[in-house]
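Q: Predicted structure and sequence below. I'll ask about it afterward.
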Amino acid sequence: MSNALSIDELSVSYGPIPALKNVSIEVPNGGFVSVLGANGAGKTTLVRTISGVLYLQKGKRTSGSIKFGGEDISKLKSRSIVRGGIAHVPEGRMLFPHLTVDENLRCGAASRRDTSGISETLSEVFDLFPQLPPLQHQQAGLLSGGEQQMVAVGRALMAKPSLLICDELSLGLAPLIVRDLFLLLDRINQEGVAVLAIEQNARIALRHSKYAYALEVGEVVLEGPSAELRENQEVQDLYMGGGGDIREAYTAIRREVNR
Ligand SMILES: Nc1ncnc2c1ncn2[C@@H]1O[C@H](COP(=O)(O)OP(=O)(O)O)[C@@H](O)[C@H]1O
Ligand SMILES: [Mg+2]
């Protein structure tokens with residue numbers, strides 16, 4: 001069965017404020033796609049909408065469709081979406097800091113009906129992150145940022161997804177840690193799980209994904225094979241040249257003008 005994600009002409013608003021405008025994005029079955037964009041571009045809004053948690057922020061899909069494996073998932077509850085095979089690692093990780101690593105990981109399996117398979121998945125996650133077994137009885141809030149991000153990825157994998165969405169995996173982490181996390185995404189992807197990496201860090205995202213989209217003030221302004229975008233001068237200037245502050249100011253101005 002195909003488990004492609006197909007987003008077509010999606011628009012989303014928070015009250016009167018538009019956050020996404022006619023966004024169309026495809027993640028093929030088993031693919032590795034990234035969505036790049038500066039702060040405020042609408043990346044997290046996209047993740048919330050796919051995952052069915054937009055309503056928690058009083059956001060609303062005003063048009064467009066989201067299909068997964070050919071099925072319209074835009075009206076499903078988040079639990080059904082997870083059961084259907086889409087798990088996401090939220091921006092800022094959102095672990096329960098006072099629960100142990102083991103407990104946090106098991107939370108990711110809350111939507112599973114095959115309770116007997118949960119321990120097996122847990123040992124698969126521990127195989128993938130050999131740093132975690134010695135930490136499994138530690139409080140998650142006491143771990144380093146990189147370790148916490150591993151727990152967050154592991155928690156999503158506990159749902160046994162066919163599509164893993166990561167919102168800003170790289171945020172606040174040292175480059176070497178980010179590199180290791182993306183190497184793990186490669187491995188997860190090679191094992192057949194499709195990956196959608198939402199990233200401000202264009203350099204790392206373009207190195208690992210096969211296809212990428214750039215989001216600016218809620219709109220897709222550029223898309224193409226990641227290898228081509230890496231060579232693209234505009235992408236280099238806008239997304240890989242540092243200059244993040246200028247870029248953010250520019251985005252803020254564009255947003256004001258569009259209102
Ligand atoms: N809960 C919310 N209520 C109102 N506006 C929001 C909310 N969340 C995000 N926005 C607005 O939507 C736009 C996109 O935000 P977001 O999706 O968080 O972008 P990104 O993840 O790319 O930084 C921004 O202008 C932001 O201020
Ligand atoms: Mg965000």
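A: Yes, it's here. Ligands and ions are numbered 1, 2, ... in the order given.
Q: Quickly list what Y213 is bridged to.
A: The partner list for Y213 in beta bridges (DSSP bridges) reads V35, E223.
Q: The closest residue to ligand 2 within the stretch 51-200 of the chain: what's it in contact with?
A: For the stretch 51-200 of the chain, the residue closest to ligand 2 is E91, as judged by C-beta to the ion, at 4.7 Å. From N, CA and C alone the C-beta is placed, and that goes for glycine too. Contact analysis of E91 by C-beta atoms under 8 Å, 6 or more residues apart in numbering lists T44, V47, D167, E168, L171.
Q: Skip the chain neighbours and tell me the closest residue to the fourth one.
A: Looking back up the chat, that one is E168. E91 (4.8 Å; C-beta to C-beta, 6 or more residues apart in numbering).
Q: helix/strand/coil for the one you found?
A: coil (DSSP: H, G, I helix; E, B strand; the rest coil).
Q: So which residues on the chain come close to ligand 2?
A: K43, T44, E91 (C-beta under 5 Å from the ion).
Q: Hmm, I198 and the first one touching each other?
A: If I follow you right, that is K43. Yes - the pair formed by K43 and I198 meets the contact definition of C-beta atoms under 8 Å, at 4.6 Å.
Q: and these two? which has more neighbours close in?
A: Comparing K43 with I198 by neighbour count (other C-beta atoms under 10 Å), the higher total belongs to I198, at 26 against 23.
Q: That one and Q233, how far apart?
A: When distance is defined by C-beta to C-beta, to the nearest Å, I198 is 24 Å away from Q233.
Q: do the same with T44
A: Taking C-beta to C-beta, one finds T44 at 28 Å from Q233.
Q: These two: which has the busier surroundings?
A: Each of T44 and Q233 has its neighbours counted (other C-beta under 10 Å); T44 has more, 19 against 7.
Q: where does the more buried one fall, helix, sheet strand or coil?
A: T44 is classified as helix under three-state DSSP.
Q: residues contacting it?
A: So T44 contacts E91, D167, E168, I198 (C-beta under 8 Å, 6+ apart).
Q: The last one belongs to a strand?
A: Put plainly, it is I198. Yes - counting by three-state DSSP, I198 falls inside a strand.
Q: Who is it paired with across the strands?
A: V35, D167.
Q: So it is in contact with S170, correct?
A: No - using C-beta under 8 Å, I198 is not in contact with S170; the gap is 10.2 Å.
Q: what's the closest residue to F68 other than its chain neighbours in contact with, if anything?
A: Among residues not flanking F68 along the chain, L5 sits closest, at 5.3 Å (C-beta to C-beta, 6+ apart). Neighbouring residues of L5 by C-beta under 8 Å, 6+ apart: I25, E26, V27, I50, I66, K67, F68, I86, L163, A194, L196.
Q: what ranges of the stretch 101-250 of the chain fall below the confidence cut-off?
A: For the stretch 101-250 of the chain, the stretches with pLDDT under 70 are 241-250.
Q: which stretches of it form helices?
A: 101-107, 118-128, 145-157, 175-190, 202-208, 226-231, 233-239, 244-258 (DSSP state H, counting those that start in this stretch).
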